[in-house]
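**Student:** sequence and predicted model, in that order:
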Amino acid sequence: MSPYILTMFLFCLGLGTMVTFSSSHWLLAWMGLEINTLAIIPLMAQHHHPRAVEATTKYFLVQATAAATLLFAGMINAWTTGQWDIDSMAHPIPSTIVTLALALKLGLAPTHAWLPDVLQGLDLNIGLILATWQKLAPFSILIHMQHTIPSLLILLGLLSTLVGGWGGLNQTQLRKILAYSSIAHLGWMLLVLQFSPNMALFTLLLYFIMTFSIFSVFSLNNSTNINSLTTTWTKAPVLSALAPLILLSLGGLPPLSGFMPKWMIIQELSHQGMALITTTAALSALLSLYFYLRLSYAMTLTFSPNNVMGTLSWRLPNTNMNLPLAISSSATALLLPLAPAMASIIMP
């Protein structure tokens, strides 16, 4: 793809998200979401691989369905209340429809089935955009809305944490594992969204940092399944030592940075008197931790088989230097001492 065309698509990708950020009108928010979707579709299909074309088609159909449902709910709200503003969602029916449409756009359970298949068919760099940047616009609408049925958010969040944990247990493809990781993390954000939007945004920011780190690690090693991780220690020994820290931080294991948002969310939910939901979410995090430990084991404690055809490729060292990866991996592992300062900013 030409650099000029690529720049134009990336600009439109940012433009669509910014339009949704800055709009309080349902029609403008819908337009921003559509610009965002139409800008990423050529990027997803640029390699003309059958899997990429299949993933792009699935993504387009799902996003078009969610956008049409969103516009339909906005029209119902305008019909019942006479208002097109996002923050005037007073009727329970359009509010429920909008929440489910945004859950479909984000890939939240039970509307999550498209996300692992779509992410599996994409290049790692485009998959990173899909797992991070594409979450911003729908999530901003969720924050902006007045939720008339708060129990729906709790149900979607709890289902997402459970599905994100269970779904990744039997996967061997890294992109599918990262898709289920995304579902689980979004579930944690949804659990705390109505009580503390600042905490949900902070969790989203840390999720972006950790996801960027792990996608960059897999991209540098050109790894797409668990078996290919066994060659990492010969290509990049330092990276293979850092990668388990990033994975365990994604799992929320102390004393790494990923423990901080889970700890704050559990504390907030406990203050709201939701002990059973908090316990269930915490136990579901153990499921996610299991498949992160599988990846860590494959990278650090497993040797690649040495045969005639495979010797050369896995002995060539990786000499790529990646400053953004160094910064993001440091933040992924070392931010926990800043937890008191973060807590004072989030909950003044």
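**Tutor:** All right, it came through fine. Residues are numbered from 1 along each chain as shown.
**Student:** any idea how this protein splits into domains?
**Tutor:** 1-148, 149-348 (automatic domain parsing).
**Student:** could you dump those domains to TSV with mean neighbour count?
**Tutor:** (Each C-beta comes from the backbone N, C-alpha and C, glycine too.) Putting those into TSV (neighbours: other C-beta atoms under 10 Å) gives the following:
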stretch	mean neighbour count
domain 1-148	18
domain 149-348	18
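**Student:** confidence-wise, which of those is weakest overall?
**Tutor:** Comparing mean pLDDT over those, the weakest stretch is domain 149-348, at a mean of 85.
**Student:** off-centre distance for it?
**Tutor:** 10 Å (C-alpha atoms, centre = their mean, to the nearest Å).
**Student:** equivalent analysis for stretch 70-78, please.
**Tutor:** 27 Å.
**Student:** run through who's touching that stretch.
**Tutor:** 26-27, 29-30, 33, 83-84, 88-91, 93-95, 97-98, 101-102, 105 (C-beta atoms under 8 Å, 6 or more residues apart in numbering).
**Student:** now stretch 82-94
**Tutor:** Counting by C-beta under 8 Å, 6+ apart, 23-27, 29, 73-74, 76-78, 80-81, 95, 98, 141, 144-149 sit against stretch 82-94.
**Student:** looking at those, which are in helices?
**Tutor:** 26-27, 29, 73-74, 76-78, 80-81, 95, 98, 141, 144 (DSSP state H).
**Student:** reformat these as CSV; add distance to L15.
**Tutor:** As requested, the ones in helices among the contacts of stretch 82-94 are exported to CSV (distance: C-beta to C-beta, whole Å):
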residue, distance to L15
W26, 19
L27, 16
A29, 14
A73, 24
G74, 21
I76, 28
N77, 26
A78, 25
T80, 32
T81, 30
S95, 28
V98, 23
I141, 17
H144, 19
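**Student:** with respect to Y4, which of those residues is nearest?
**Tutor:** A29 (29.2 Å; C-beta to C-beta).
**Student:** how about the closest one, what does it touch?
**Tutor:** Taking C-beta under 8 Å, 6+ apart, one finds V19, T20, S23, L70, I86, I141 in contact with A29.
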